[in-house]
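> what shape does this take:
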Amino acid sequence: MQVEIMAATGAKGTPVKPSLASVTAVILAGGLGTRLRSVIADRPKGLALIHGRPFLTYLLDQLAAAGIQDAVLCTGYRGEQVRATLGDSHGNLRLRYSQEPSPLGTGGAIRFALPLLTSASLVVVNGDSFCEVNLEAFWTWHWARQAQATLLLTEVPDAQRYGQVCVDADGAVVSFVEKGTGSTSGLINAGMYFLTQPVLCSIPSTGAVSLERETFPAWIGHGLYGYRSAGRFLDIGTPESYAMAARFFAEKVPV
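Below you'll find the predicted structure:
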């Protein structure tokens, strides 16, 4: 794999970290939510209500608070409902939409949205998980390593449910451990990533593609890093975890 490092430079050739306002956010909100169907009926998973608000609005709050100004929602199942609910803006965030014609996987959804993704770097967020993180610190860490892709990682007591991410002392990803194997506790992918254009261009142009199972493993040793967050983590993929979401956001504090 050929990897091209792309970085802005100052007057003396020193890389200059852009502000988060220059970074486009991509929210992967196309999941069917099959396991949640019994509790959210025919809503898209990202519109599951928590304290009377769609789950996606908590993600948008986090992005807007960090200074991000542009977000693209990659939708699928009932995508028109997502757009009708969220509209064209959320605070200072401009919202745009890319609705896949059929399930394309996390990587395929981003590939389908490429015409809207022109910024040099993107922050990609899974639309069914939330992790407390200082986004500015995460962005600074990613930029300092001139990484091609950086995964947000968090430690959980039951990593077998998610699969583990193994990193070296500098944070470079060295391996992934499949779900259901490995030790009970460990670092997992928390569902947020900074990606560069070379990573986007490496996604195959046809078929369904998984970032987690196909794209990221191919970038091990080519600028793939993992940033550890000490913040709390939640995913709403099951009725049990969704039931915990109300308490999670009631207790959420800034990091």
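> so how far is the helix or strand hosting F249 off the chain centroid?
Per DSSP states H and E, F249 falls inside helix 239-251. Remark: helix 239-251 is offset 20 Å from the chain centroid, using C-alpha atoms, centre = their mean, to the nearest Å.
> just for this protein, where's the confidence low?
Scanning the chain for pLDDT under 70 picks out 1-14, 32-33, 35, 37-38, 181-183, 252-255.
> quick check: longest strand of it.
strand 186-196 (DSSP state E).
> next secondary structure after that one?
Once strand 186-196 ends, the next helix or strand along the chain (criterion: DSSP H and E) is helix 197-201.
> that next one packs against which elements?
The helices and strands touching helix 197-201, judged by 3 or more C-beta pairs under 8 Å, 6 or more residues apart in numbering; DSSP states H and E, number zero. Where you see a C-beta, it was placed from the backbone N, CA and C, and this is true even at glycine.
> next, the buried residues of it.
For helix 197-201, the neighbour count (16 or more other C-beta atoms under 10 Å) marks 197-200 as buried.
> quick revisit: how about residues contacting the helix holding F249?
Contact partners of helix 239-251, identified using C-beta atoms under 8 Å, 6 or more residues apart in numbering, comprise 35-36, 38-40, 48, 50-51, 55, 58, 130, 232, 234-236.
> how far away is the residue lying closest to L224 once chain neighbours are set aside from V133?
Leaving aside its sequence neighbours, L224 sits nearest to V173 (C-beta to C-beta, 6 or more residues apart in numbering; 4.5 Å). Taking C-beta to C-beta, to the nearest Å as the measure, V173 falls 17 Å from V133.
> those two: which is more packed in?
Neighbour count, other C-beta atoms under 10 Å: between V173 and V133, V173 has more, with 25 against 22.
> helix or strand: which one has the nearest residue to S22 once chain neighbours are set aside?
Leaving out its chain neighbours, the residue that sits closest to S22 by C-beta to C-beta, 6+ apart is S119, at 6.1 Å. S119 is part of no helix or strand, with elements assigned from DSSP H and E.
> for S119, give me its contacts.
S119 touches 22-24, 70, counting by C-beta under 8 Å, 6+ apart.
> from G237, how far off is it?
Distance of S119 to G237, computed by C-beta to C-beta: 29 Å.
> hey, C-alpha coordinates of stretch 171-179 in PDB?
The C-alpha trace of stretch 171-179 is given here as PDB (Å, rounded to 0.1, in the frame of the first residue of the first chain):
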ATOM      1  CA  GLY A 171      -0.400   4.400  20.300                       C
ATOM      2  CA  ALA A 172       0.200   2.800  17.000                       C
ATOM      3  CA  VAL A 173      -2.400   0.000  16.300                       C
ATOM      4  CA  VAL A 174      -0.600  -3.400  16.100                       C
ATOM      5  CA  SER A 175      -3.600  -5.800  15.900                       C
ATOM      6  CA  PHE A 176      -7.300  -6.300  16.300                       C
ATOM      7  CA  VAL A 177      -8.900  -9.100  18.300                       C
ATOM      8  CA  GLU A 178     -12.200 -10.500  17.000                       C
ATOM      9  CA  LYS A 179     -15.400 -10.400  19.100                       C
END
